[in-house]
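[1] predicted structure and sequence below. I'll ask about it afterward.
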Amino acid sequence: MDEEEKGLPKSTVIKTANEHLPEGVKIAPDARDLIVQCCNEFVQLLGSEAHTQSVQDKSGTIKPEHVFAALTALEMPEYLPQCKEAADESCVAVKEKAQRSKAGKLESRAKGMNMTMEQLKALQQQKLREAAERMAAAAPPADP
């Protein structure tokens, strides 16, 4: 595998860098390569330190708090506010995606049963009531 294939996509890194430059400022080709190499090195360094933090925490998964601790350990606390903001935004996006996925699955199920969403919800409510009634009927009488 080439060195270029092992890191962040060069086009994405350069596009991101260009988006944060003042209008009319360009990046020389040799500087582009250097920026990409620095970004890859930073990601590897941060990932390695976050892994170290997760091992110390006896966790098999690198979590956002491990990344925050890694930034502090690498003496880069100035990145913490933006990193925490990005983590919060990511958490919201993941929850929204899960909700959309759940709604999509319900819609697919309703269509598969030739029902509207309202009909499917009514059917679910009916099934829940029936299950609760069966459980109540099967429960032993309470001692007086």
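    Okay, I see it.
[2] what's the weakest-modelled helix or strand in this structure?
    Across the helices and strands of the chain, mean pLDDT, DSSP states H and E gives its lowest value to helix 80-112, namely a mean of 85.
[3] just checking, what packs against it?
    helix 64-73, helix 117-138 (3 or more C-beta pairs under 8 Å, 6 or more residues apart in numbering; DSSP states H and E). Placement of C-beta: from N, CA and C, glycine included.
[4] quick one: buried residues of the last one?
    Neighbour-count burial for helix 117-138 flags Leu120 (criterion: 16 or more other C-beta atoms under 10 Å).
[5] do the same with stretch 78-98
    Across stretch 78-98, burial judged by 16+ other C-beta under 10 Å covers Cys83.
[6] repeat for stretch 105-115
    Buried residues in stretch 105-115, defined by neighbour count with 16+ other C-beta under 10 Å: Ala110.
[7] now stretch 53-61: how far from the chain's centre is it?
    Relative to the centre of its chain, stretch 53-61 is centred 19 Å away, using C-alpha atoms, centre = their mean, to the nearest Å.
[8] for stretch 45-59, same thing?
    With C-alpha atoms, centre = their mean, you get 18 Å for stretch 45-59.
[9] same thing with stretch 87-104?
    8 Å.
[10] from Pro77, how far out is Val92?
    As defined by C-beta to C-beta, to the nearest Å, Val92 lies at a distance of 24 Å from Pro77.
[11] follow-up on the earlier one: quickly, which of the helices and strands packed on helix 80-112 bottoms out on average pLDDT?
    Looking at the helices and strands packed on helix 80-112, the lowest mean pLDDT belongs to helix 117-138 (a mean of 87).
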